[in-house]
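1. How does the following fold in three dimensions:
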Amino acid sequence: MQRFVAAIDQGTTSSRCIVFDRSGRIAGLAQREHEQLFPRPGWVEHDAGTIWTNTEFVIGAALEDAGASASDIAAVGVTNQRETTVVWDRTTGEPIANAIVWQDTRTAALCDRLGGEFGAGRYADRTGLPLSTYFSGPKLRWLLDNVSSARDRAEAGELCFGTMDSWILWQLTGQHITDVTNASRTMLMDLHTLQWDSEICADFDIPVSMLPQIRSSSEVYAEIATGPLAGVPVAGILGDQQAATFGQACLLPGEAKNTYGTGNFMLLNTGTTPVFSKHGLLTTVCYRLGDEPAVYALEGSIAVTGSLVQWLRDNLGIVDSAAEIESLAETVDDNGGTYIVPAFSGLFAPRWRPDARGVITGLTRFVTKAHLARAVLEATAFQTREVIDAMRADAKSEELGVELTTLKVDGGMVANELLMQFQADILDVPVVCPVITETTALGAAYAAGLAVGYWGGTEEIRANWSEDKAWEPTMSAADRDRLYREWNKAVERTYGWAD
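-> Numbering: from 1, shown residues only. Prediction:
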């Protein structure tokens, strides 16, 4: 039997391939960053061709790192930055423009027009999503309206739309496919039927012929046609946050995880019935295994967390590397009264304020760069608290009987001990990190491995999960309440900046 499963993790800042063994341990890994393109304020783009070139490179490099060949790989899973939108020529495979990244805000006015008299919630009962610049449907409409001859070519059946999973799968296999988790982030899929909604597509003026076929998250889609993995089946697709939820073994209603990456994304498994939020959260497909019923989740999406550290490094030059921020922040006891609200792309869950822009509040002559570093880290924890409060409120109103007693965490920022301790303090619950922190890639590997029988069932996934470290809350209730109250005052100062 084959020794490994491979996962392709196409993320916001880099593309990776990781080779996993049966216990979920990493046998080989390769990663390559790609450029973030900012052609105008609020615009964020990627070169999809470069991303595919990087993906090809990391596949070969990861296999080499593992000392493996295609014959050692049982299956390949794909996970991806979710709402990032690419359109390409069905014949040549060439993108018609740069991919529009999930953080991009150019569709704000378009979203207002699409909402009309109904507002941002126009399609929420079918899609689980508010009309927002975040999602793929408005980005696709923008490309059709603004790229020369794109609409004519789309209506003639010459163009394909996809999120990055579809783009990678097309390059690997020639098939135009997505899974239910990625489709649920487009605003074009009905959460109940798990099919494209022809009425919404018509409202968005998007030809259905452009859209990929929607499949489950765990099944054999096609074999890879060329390259070092030729002949290996692609058998799993999950959007990155759903993949991390699966990799964290959050397989029962009430289990939640938070991923600390470019942004933060918290998902709460709600079982096989979609729960529609009354408190600013998204309803999304968590995963679907083959022909089994889909499992749904409530999600809180935070646009700017890890990228705020990058901003402190790259734009302000306060630190030379992301790792330095913790040691700098540790030189002060608190934030000195300073709060940074990183509403660079507006505010996502649970506030959904596209008019918000970032602010730094509470500045005095006392404040140093160390206080700013600490405020950057604390902003991540405060935004996570907002999402958890909304999840608790939804769980209570829907009588789910769900109470978050611990928070499973993963992602690059988990290595920051100061942040993790502050997160436990501001939430007043333990924060727990698993031994294998590459949970996004691991989740995609699990989905692929389950489809081909490499793992026998989800109980093996649960058995693989083990705790590496936990942070217990130590902050007094009075301090917690004061800090959170001041944070909310700071957030309110961000409103109304963008017309």
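2. Quick one: neighbours of residue 145, just the number.
-> 11 (other Cβ atoms under 10 Å). For glycine as for every other residue, the C-beta is placed from the backbone atoms N, C-alpha and C.
3. Buried residues, the helix or strand that contains it. List them.
-> Using DSSP states H and E, residue 145 sits within helix 136-146. In terms of neighbour count (16 or more other Cβ atoms under 10 Å), helix 136-146 has its buried residues at 136-144.
4. same deal with stretch 443-455?
-> Buried, per 16+ other Cβ under 10 Å, within stretch 443-455: 443-452, 454-455.
5. Likewise for stretch 470-488?
-> By neighbour count with 16+ other Cβ under 10 Å, stretch 470-488 contains the buried residues 471, 473, 475, 480, 483-484, 486-487.
6. Tabulate these (TSV), appending distance to residue 151, pLDDT and secondary structure.
-> Shown next, in TSV, are the buried residues of stretch 470-488 (distance: Cβ to Cβ, whole Å; pLDDT from 0 to 100; DSSP: H, G, I helix; E, B strand; the rest coil):
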residue	distance to residue 151	pLDDT	secondary structure
471	52	95	strand
473	54	95	coil
475	55	95	coil
480	53	96	helix
483	50	96	helix
484	48	97	helix
486	49	97	helix
487	45	97	helix
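7. In CSV: those residues, plus distance to residue 57.
-> Shown next, in CSV, are those (distance: Cβ to Cβ, whole Å):
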residue, distance to residue 57
471, 37
473, 43
475, 45
480, 46
483, 45
484, 45
486, 47
487, 42
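8. now the residue of the chain positioned farthest from its centre: how far from residue 318?
-> Largest separation from the mean C-alpha position in the chain: residue 365, at 38.0 Å (Cα atoms, centre = their mean). Using Cβ to Cβ, to the nearest Å, we find residue 365 at a distance of 17 Å from residue 318.
9. any weak-confidence spans in this structure?
-> Across the chain, the ranges flagged by pLDDT under 70 are 1, 397-404.
10. which residues in the stretch 151-300 of the chain form helices?
-> In the stretch 151-300 of the chain, the helices defined using DSSP state H, counting those that start in this stretch lie at 164-173, 180-183, 198-204, 240-247.
11. Next: the stretch 301-450 of the chain.
-> 306-314, 324-329, 369-397, 417-427, 439-451.
12. Return the most buried member of those helices.
-> helix 439-451 (a mean of 31; mean count of other Cβ atoms under 10 Å).
13. now the angle from that one to helix 240-247?
-> Between the axes of helix 439-451 and helix 240-247, defined by axes from the mean of the first three to the mean of the last three Cα atoms, to 10 degrees, the angle is 70 degrees.
14. Please save the CA atoms from helix 439-451 in PDB.
-> Output in PDB follows, covering the C-alpha atoms of helix 439-451 (Å, rounded to 0.1, in the frame of the first residue of the first chain):
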ATOM      1  CA  THR A 439      -4.000  21.600   9.800                       C
ATOM      2  CA  THR A 440      -5.200  23.200   6.600                       C
ATOM      3  CA  ALA A 441      -3.000  20.900   4.400                       C
ATOM      4  CA  LEU A 442      -3.700  18.000   6.700                       C
ATOM      5  CA  GLY A 443      -7.500  18.400   6.300                       C
ATOM      6  CA  ALA A 444      -7.200  18.300   2.500                       C
ATOM      7  CA  ALA A 445      -5.000  15.200   2.800                       C
ATOM      8  CA  TYR A 446      -7.500  13.500   5.100                       C
ATOM      9  CA  ALA A 447     -10.400  14.200   2.600                       C
ATOM     10  CA  ALA A 448      -8.300  12.700  -0.200                       C
ATOM     11  CA  GLY A 449      -7.100   9.800   1.800                       C
ATOM     12  CA  LEU A 450     -10.600   8.900   3.000                       C
ATOM     13  CA  ALA A 451     -11.900   8.800  -0.600                       C
END
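15. how far out from the middle of the chain is it?
-> 16 Å (Cα atoms, centre = their mean, to the nearest Å).
16. cool, stretch 310-326 as well?
-> 23 Å.
17. mind checking the end-to-end distance for that stretch?
-> End-to-end span of stretch 310-326 (Cα to Cα, to the nearest Å): 13 Å.
18. And the contacts of that stretch?
-> With Cβ atoms under 8 Å, 6 or more residues apart in numbering as the test, stretch 310-326 has contacts from 304, 306, 309, 328, 342, 344, 369, 372-373, 376-377, 412, 415-419.
19. swap the cut-off to 10 Å and go again
-> The contact list for stretch 310-326 (Cβ atoms under 10 Å, 6 or more residues apart in numbering) reads 13, 36, 262, 304, 306-309, 327-329, 340, 342, 344, 358, 369-370, 372-377, 412-413, 415-419.
20. show me the residues around residue 375 that make contact.
-> Residue 375 sits in contact with 308, 312, 329, 334-341, 360-362, 367, 382, 487, 490, where contact means Cβ under 10 Å, 6+ apart.
21. So which of the residues you listed are in strands?
-> Those of these mapping onto strands are 339-341, 360-361, per DSSP state E.
22. Turn those residues into a markdown table, including neighbour count and distance to residue 348.
-> Shown next, in a markdown table, are the ones in strands among the contacts of residue 375 (neighbours: other Cβ atoms under 10 Å; distance: Cβ to Cβ, whole Å):
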| residue | neighbour count | distance to residue 348 |
| --- | --- | --- |
| 339 | 22 | 18 |
| 340 | 26 | 16 |
| 341 | 25 | 12 |
| 360 | 16 | 19 |
| 361 | 18 | 20 |
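23. Could you dump the residues you listed into a markdown table and include distance to residue 244?
-> Below are the ones in strands among the contacts of residue 375 laid out as a markdown table (distance: Cβ to Cβ, whole Å):
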| residue | distance to residue 244 |
| --- | --- |
| 339 | 28 |
| 340 | 25 |
| 341 | 25 |
| 360 | 30 |
| 361 | 32 |
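24. for those residues, which one is nearest residue 189?
-> residue 341 (32.2 Å; Cβ to Cβ).
25. The closest one against residue 303, yeah?
-> No: in this structure residue 341 lies outside contact range of residue 303 using Cβ atoms under 10 Å: 11.4 Å.
26. how about the residue nearest to the spatial centre of the chain, what does it touch?
-> Most central residue of the chain, judged by C-alpha distance to the mean C-alpha position with Cα atoms, centre = their mean, is residue 241 at 4.4 Å. By Cβ under 10 Å, 6+ apart, the contact set of residue 241 is 79, 81-82, 181, 185, 257-259, 261, 263-267, 284, 286, 297, 299, 301, 440, 443.
27. For those residues, I'd like a selection string for PyMOL - just the buried members, please.
-> Typed into PyMOL, the next command selects the buried ones out of these (criterion: 16+ other Cβ under 10 Å):
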select buried, resi 79+81+82+181+185+257+258+259+261+263+264+265+266+267+284+286+297+299+301+440+443
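28. Could you tell me which of the contacts of residue 241 belong to strands?
-> Taking DSSP E, the ones among the contacts of residue 241 that sit in strands are 79, 257-259, 264-267, 284, 286, 297, 299, 301.
29. hey, what's residue 266 bridged with?
-> residue 258, residue 300 (DSSP bridges).
30. what sits in contact with each of residue 341 and residue 303?
-> Residues touching both residue 341 and residue 303 (Cβ under 10 Å, 6+ apart) are 347, 383.
31. correct me, but residue 306 touches residue 260?
-> Yes: assessed by Cβ under 10 Å, residue 306 is found in contact with residue 260 at 6.4 Å.
32. Looks like residue 434 contacts residue 406 (just checking).
-> No: using Cβ under 10 Å, residue 434 is not in contact with residue 406; the gap is 11.8 Å.
33. where do the helices sit along the stretch 1-150 of the chain?
-> Per DSSP H, counting those that start in this stretch, the stretch 1-150 of the chain carries helices over the ranges 48-66, 108-115, 124-127, 136-146, 150-155.
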